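Participant: mind looking at a prediction? Sequence and model below.
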There are 2 protein chains.
Amino acid sequence: TGRTKAEDRAVLSARRRMPAKCKLLLAPPVTSGISVVTENHEMNALTPVAQRFILHWGEMGTRWGINRTMAQIHALLFISEKPLNAEDICAALTVARSNVSNSLRELQNWKIVKMVHLHGDRRDHFESVKDVFEMFRLIAAERKRREIDPTVLTLRECISDADRKNAADAYTMERLDDLADFFELGASWFDKMGRISAKRLQKAMKLGEKVFGLLGIGD
Amino acid sequence: TGRTKAEDRAVLSARRRMPAKCKLLLAPPVTSGISVVTENHEMNALTPVAQRFILHWGEMGTRWGINRTMAQIHALLFISEKPLNAEDICAALTVARSNVSNSLRELQNWKIVKMVHLHGDRRDHFESVKDVFEMFRLIAAERKRREIDPTVLTLRECISDADRKNAADAYTMERLDDLADFFELGASWFDKMGRISAKRLQKAMKLGEKVFGLLGIGD
DNA sequence: CATCAAATTCTGTCTTTGCAGACATATCCG
DNA sequence: CGGATATGTCTGCAAAGACAGAATTTGATG
């Protein structure tokens, strides 16, 4: 098989924890889009497709260092036509309020979820950025700020602190210098992506396709 | 301060766990590059700069869903002039053999660490890919294979499974379609990066800089 | 300013993951 | 073929992280 042992293990452990972990699957089965009308807006139970997407997105999150609930909430908001309040989210994903509250705060820090208010409802409602390029742009900007920038800083400090008389450090310096250059190049990309609009980013990415073409790298 | 509460918490918790977790810091302090000569090769204790880099790289790993030890081993190999054997790595990072063994296997799966043999020594030795562009290329290719490809597959399946008569699903489909398009564009990028040489990738990235310039996005 | 809904923070529990040490297997040499 | 050395796998414990529920704070409204 073209699959590593580590992956097999991951699959198995994912399966093992399914019943306990993935509460979505434990939610009452949905035959079709049954609507439950609450005070002031209707709340649809999750369709099987929605469930599947949310679960997958949660899993993806964990692979990239994002906690599962946070990613799931993001997925839910992303496919929700209307803004949802905390209560709605708790109900849809069967998670505790506190968990939802914390995850929403973090999603707002990432700037991919915004708080909105609905007329005649004092509860906070939340909606996701819907444009995928915009979303990517925001995430890239934030990751740069949190991870790339500090890394460049650390690398540069390491380089200037290195003991030039020590042979081991001399080689280390060479390597770190390369790495720092690379990250700086990457950082400037992230930066630029963070500044241009989604429309232009999309154009730039498609243009990039062509650049590859010119370099003679076809499909 | 320009820092979120979550970040403050992260910093605190990192500090709290330092003594227990980061064995590197507990290793005997290194005054200068003291050389310890073993059977057939000399093994330098880590310099402060090396320690710092390894710790930071380990931390970076965790942020991107890579386990800390694995990232630390990678960092160590990356700045090591000569290939190291498992024993050397255990000693340098103060981690168990089993841990080193598993991490090395995974690093080889990622194709960023290669096993080599030294003349007259039957132990396996390991060295990291040293070219940063090559490293990036390999990591990108692997992440695509493991995460992007399955995501595109899932999204497309979700779209084809969606119930077109259901209003909720109709909206979901729109969103997922956008997302799938985006990931496919991304996948093709990753793919192309995976195929071109490090040299050309470097050229392409620098060229990309210019593309941004042409689009009027300066520093 | 009292009351109540909504939201947040705190605290303890449970799950998951990472990891060390023990055990098992493979490889080389006398 | 036996012993030694090297590597790989398994098991159980411990740390970290995620999470639920309780307690607290916020703030809106009569």
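Facilitator: Sure, I can see it.

Participant: which residue does chain A have closest to DNA strand D?
Facilitator: For chain A and DNA strand D, the shortest gap (Cβ to the nearest atom of the strand) falls at A:S98, measuring 2.7 Å. (C-beta placed from N, C-alpha, C; glycine too.)

Participant: tell me the first helix or strand C-terminal of the helix or strand harbouring that residue.
Facilitator: In this structure, A:S98 sits in helix A:97-109 according to DSSP states H and E. As assigned by DSSP H and E, the chain's next helix or strand after helix A:97-109 is strand A:113-117.

Participant: got the angle between that following strand and helix A:97-109?
Facilitator: Here strand A:113-117 runs at an angle of 110 degrees relative to helix A:97-109 (axes from the mean of the first three to the mean of the last three Cα atoms, to 10 degrees).

Participant: strand A:113-117 pairs with which strands, and in what direction?
Facilitator: The strands beside strand A:113-117 in its sheet (DSSP bridges) come out as strand A:124-128 (antiparallel).

Participant: now the strand it pairs with: average pLDDT?
Facilitator: Strand A:124-128 comes out with an average pLDDT of 96.

Participant: distance from the chain centre to that strand, please.
Facilitator: Centroid separation for strand A:124-128 versus its chain: 17 Å, with Cα atoms, centre = their mean, to the nearest Å.

Participant: list the buried residues of that strand.
Facilitator: Judged by neighbour count using 16 or more other Cβ atoms under 10 Å in any protein chain shown, the buried positions of strand A:124-128 are A:125-128.

Participant: is there proximity between that strand and DNA strand C?
Facilitator: Yes - for strand A:124-128, a contact with DNA strand C is found by Cβ under 7 Å from any atom of the strand, at A:D124.

Participant: show me where chain A has helices.
Facilitator: Applying DSSP state H to chain A gives helices spanning A:5-21, A:23-26, A:48-63, A:68-79, A:86-93, A:97-109, A:132-143, A:149-161, A:167-195, A:198-214.

Participant: elements contacting the fourth one?
Facilitator: When contacts are defined as 3 or more Cβ pairs under 8 Å, 6 or more residues apart in numbering or on different chains; DSSP states H and E, helix A:68-79 packs onto helix A:48-63, helix A:86-93, helix A:97-109, strand A:113-117, strand A:124-128, helix B:167-195.

Participant: any part of the last one near chain A?
Facilitator: Read that as helix B:167-195. Yes - with Cβ under 8 Å from any Cβ of the partner chain as the criterion, chain A is reached by helix B:167-195 at B:167-169, B:171-173, B:175-176, B:178-179, B:181-182, B:185, B:188-189, B:192, B:195.

Participant: drop anything exposed from those residues.
Facilitator: B:168-169, B:172-173, B:175-176, B:178-179, B:182, B:185, B:188-189, B:192.

Participant: need the helices and strands packed on helix A:68-79 in a markdown table (columns: distance to B:R145).
Facilitator: As requested, the helices and strands packed on helix A:68-79 are arranged in a markdown table below (distance: least, Cβ to Cβ, whole Å):
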| stretch | distance to B:R145 |
| --- | --- |
| helix A:48-63 | 12 |
| helix A:86-93 | 29 |
| helix A:97-109 | 28 |
| strand A:113-117 | 30 |
| strand A:124-128 | 28 |
| helix B:167-195 | 9 |
